[in-house]
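Chemist: with the input below, show me the fold.
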Amino acid sequence: MNDAHTALPLLPARPANAHKGTFGTVAVIGGCARAESRMIGAPAIAARAALRSGVGLARMLTPGPILNEAITITPSATGVALPTDADGSLVPHESASTFDEHTASAHAIVLGPGLGWSNEPHSPLAAGTSAVVLRATLHADCPLVLDADALNCLAATPDIQRDLRAPIVMTPHPGEFARLAAALAIKAPDASEPARLAACEAMAQRLGCIVVLKGMHTVVSNGHESWTCRRGHACLATAGTGDVLAGLLGGLIAQYVRLMPLPGKTMPGTLSLLDCVRIGVEAHAIAGERWAAKNAAAGLLALELADLLPEVLDAMRAK
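Modeler: Numbers count the residues shown, from 1 in each chain. Predicted coordinates:
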C-alpha cells in the first residue's frame, strides 16, 4: 500500500429501509470493580463511540458491581453483569461462560477498556482478566478489537501468537506497544516515523493481525500493507480518547465487515477489515481537529469526541 497517498474508500450509504438489526451488534467488555483500581467510564465511552458510529446495538459486559453506573453514562447501550468475587475481581470460569453466552450474536467485540490488570500472575485480578481475554482470542467467531488491559494481558502471556485465532485489531499506545514488543523480542521504536512504521509492520507480521500504533501520525499495518494517518490534533492526548477509538473501530467493523452473514437482511455494503480500521483512525483524528477548531488547544473530554463522530463519518460516506 502506498503509505502517503492511498485514498480511503467511502463508507457505504445507509439504506433508507434499514432497522437496527441491519447494522450489527458490537459487544464491549471492560471495566473494573476492584476498590483500588475502580474503572467505570472506559467501557461506557467505548460503547458510546460504537453507537455514534451508527452500529445497531451496543452491549456492555462489565463487572456486576459497576454495571448500573456504566449504563447511566451510556443508557442507549444494553448491559450484562460479569460475575465477580467479594473483592470485585472477575470470577474466571463464570466470566468466560458469560462472555460466551452474550457475545455469540455479536459482529464485533471490543475487549479491554478499563478491564484491569496485575503483573502478579496468580492474583485474582490477573486470573479473571486472563480468562476472558484468552477465551476471546481462542474462541471468538467475529473480529476482536483488543485495547488497554487486554493488550497488557497478552504481553504477559507466553507464546501469545499461538493464542490468536479470531481476526484481531490491536490498538496499543506506545507504552502498551513496548510491552508487547518485549514479549515478542521485537525492538521497540523510537519516536521517529520510519521506526514506528517498521515496528508496527513487524508486530503485525508476527501476530498475524492488524496493529494500530497510536500517537502522532498513527500507523496502521496488517504486516503486508501499511498506512499512516496524517490528521489529528494534540487535544486528543487525554484520558478516554483511546476508548473512543476502540469503540469506533468496533462499531464500524460490526456494520461493514461480514465474516458471518445476517440471514434475510440487506446490508449497507462491506469493507475490508483494514479499510474499516483506516477509516476509523482517520475519523477519530478529524473529530479531534474539529473539536480544537471550535473550542481550544486542550480540555477535550472523551464523550465530546464521541459525539462529534456522526458528522465526521457522514462526510466520509457515499451519498
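Chemist: once you drop chain neighbours, what's closest to the most centrally placed residue in the chain?
Modeler: Nearest to the mean C-alpha position of the chain, counting by Cα atoms, centre = their mean, stands residue 246 at 2.6 Å. Leaving aside its sequence neighbours, residue 246 sits nearest to residue 147 (Cβ to Cβ, 6 or more residues apart in numbering; 4.1 Å). In short, each C-beta sits where N, CA and C put it, glycine included.
Chemist: need the contact list for the residue nearest to the centre of the chain.
Modeler: Neighbouring residues of residue 246 by Cβ atoms under 8 Å, 6 or more residues apart in numbering: 46, 49, 110, 112-113, 145, 147-148, 171.
Chemist: next, count neighbours for the residue nearest to residue 246.
Modeler: Neighbours of residue 147 under the rule other Cβ atoms under 10 Å: 32.
Chemist: any figure for the gap between it and residue 296?
Modeler: Going from residue 147 to residue 296 by Cβ to Cβ, to the nearest Å gives 27 Å.
Chemist: mind checking how far residue 96 is from residue 125?
Modeler: 15 Å.
Chemist: again, but for residue 150
Modeler: Distance from residue 150 to residue 125, by Cβ to Cβ: 14 Å.
Chemist: which of the two has more residues huddled nearby?
Modeler: Using other Cβ under 10 Å, the more surrounded residue of residue 150 and residue 125 is residue 150, with 31 against 22.
Chemist: now the element after the strand or helix carrying that one, going C-ward?
Modeler: Residue 150 is part of helix 149-155 when elements are defined by DSSP states H and E. Note on helix 149-155: by DSSP H and E, the next helix or strand toward the C-terminus is strand 168-170.
Chemist: flag every buried residue along that next one.
Modeler: Neighbour counts over strand 168-170 (16 or more other Cβ atoms under 10 Å) mark 168-170 as buried.
Chemist: stretch 91-111 now?
Modeler: Buried, per 16+ other Cβ under 10 Å, within stretch 91-111: 91-92, 95-96, 98-99, 102-103, 106-111.
Chemist: need the longest strand for this structure.
Modeler: strand 57-63 (DSSP state E).
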